[in-house]
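Colleague: dropping the sequence and predicted coords here.
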Amino acid sequence: MSTLSGGQRQRVLIAMIVCQDTPYLLLDEPLNNLDMYHAGRLMRELRQLSHNQQKTVVIVLHDINQAAQFADTVVTMKAGEVTAVGRPADVITKETMKDLYNVDVTVLNHQGRPVIVDAA
């Protein structure tokens, strides 16, 4: 593994977790070191695992647009407390982003899912 790039190493580690074949996958920032292609591919494969094999996949992400695109349920937290739980379109709103991060953003709709763009 010492000869692999950061992205390659990340994909190997996730593959090792998936191969354990547990009913739950708990992943903390699995998109680190991945380019756009591999990040999207990984998220699609994790979603497929969840839907086709009835696995529960819990992913901690700071990329809200990735969460909005792929999650069935989004949980937001601030100071260790859960502030919202629900479908991406219900949770990822201008108001939620203002409450969480104290930033003004524009939330667009793309194919029924929210997309955040900077309002500035």
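Modeller: The structure has been received and is ready for your questions. Because the structure is a prediction, the values reported are computed rather than measured.

Colleague: contacts, neighbours, all on C-alpha from now
Modeller: OK.

Colleague: now Glu95, what's its secondary structure?
Modeller: Under the three-state scheme (DSSP: H, G, I helix; E, B strand; the rest coil), Glu95 adopts helix.

Colleague: so it versus Ile14, what's the distance?
Modeller: 34 Å (Cα to Cα, to the nearest Å).

Colleague: again, but for Gln69
Modeller: In this structure, Gln69 and Ile14 are 20 Å apart, going by Cα to Cα.

Colleague: can you check Tyr101 too?
Modeller: 29 Å.

Colleague: need the single longest helix in the chain, by residues.
Modeller: Secondary structure of the chain per DSSP state H: the longest helix is helix 36-52.

Colleague: what is the mean pLDDT for it?
Modeller: Within the predicted structure, the mean pLDDT of helix 36-52 is 94.

Colleague: okay, now the nearest residue to Arg87 once chain neighbours are set aside: neighbour count?
Modeller: Nearest non-adjacent residue to Arg87, counting by Cα to Cα, 6 or more residues apart in numbering: Thr73, 4.8 Å away. When neighbours are counted by other Cα atoms under 10 Å, Thr73 registers 15.

Colleague: ok, residues contacting the lowest-mean-pLDDT helix or strand in the chain?
Modeller: Ranked by mean pLDDT, DSSP states H and E, the helix or strand of the chain with the weakest confidence is helix 6-19, at a mean of 90. Contacts of helix 6-19 with the rest of the structure, by Cα atoms under 8 Å, 6 or more residues apart in numbering, involve Met1, Leu25, Pro30, Leu31, Asn32, Asn33, Leu34, Asp35.
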